[in-house]
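Trainee: Mind looking at a prediction? Sequence and model below.
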Amino acid sequence: MKIILEPQNSEETEVIIKGNINSPDVEALLNFMKSKSSSSRLILFKEDEQFLVDAQEVVYLEACDGRISAVTVNGTFYAKQKLYEIKEILSALSFAQISKGVIVNIDFVKSVQAEFSGNYTLRLKDRKEILTISRKYFKEFKSKI
């Protein structure tokens, strides 16, 4: 990959990508730029209070009984959005959907172990919870690590 920087007297920064725009390097670069330009905070709820939580503090999100629980380093909160809406917000960050109802922050993954069923067991850093990566979502998970 060749990088050329050209200083200009312009208020706005312009990025031009030439070459194979479908390459993994370009995809990684675009994801990085999206993560820097998009909001990395979520509005989460606990009891009757709203909290502005940095997305990097979220360990995982889980849909259960019609609610979205957001497990963070500072406790459990609840989100009012749908899981697919939160996934879209977090798509440029280090989050991956690992099952129909769970999105995990890759930065908190300690280990992954294959099971006989074809699923995978995911252990988290400094946490007791063990999550399951279903076969359907393993490819997405693997592409994020």
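Mentor: Ah, there it is.
Trainee: Could you use CA atoms for every contact and neighbour count after this?
Mentor: OK.
Trainee: center of this structure - which residue?
Mentor: residue 95 (1.6 Å; Cα atoms, centre = their mean).
Trainee: thought it was touching residue 106?
Mentor: Yes. With contact defined as Cα atoms under 8 Å, residue 95 counts as touching residue 106 (5.6 Å).
Trainee: In this structure, what residue spans correspond to helices?
Mentor: Applying DSSP state H to the chain gives helices spanning 24-37, 83-90, 135-144.
Trainee: Mind listing what's buried along the second one?
Mentor: Of the residues in helix 83-90, those buried by neighbour count under the rule 16 or more other Cα atoms under 10 Å are 83, 86, 87, 89, 90.
Trainee: Give me the contacts around that helix.
Mentor: 40, 55, 62, 63, 68, 95, 96, 97, 101, 103 (Cα atoms under 8 Å, 6 or more residues apart in numbering).
Trainee: I'd say the first one and residue 54 touch.
Mentor: Yes. Judged on Cα under 8 Å, residue 40 makes contact with residue 54 at a distance of 6.0 Å.
Trainee: Next, find the distance separating residue 129 from residue 81.
Mentor: Going from residue 129 to residue 81 by Cα to Cα, to the nearest Å gives 23 Å.
Trainee: Next: residue 74.
Mentor: From residue 74 to residue 81 the distance is 20 Å (Cα to Cα).
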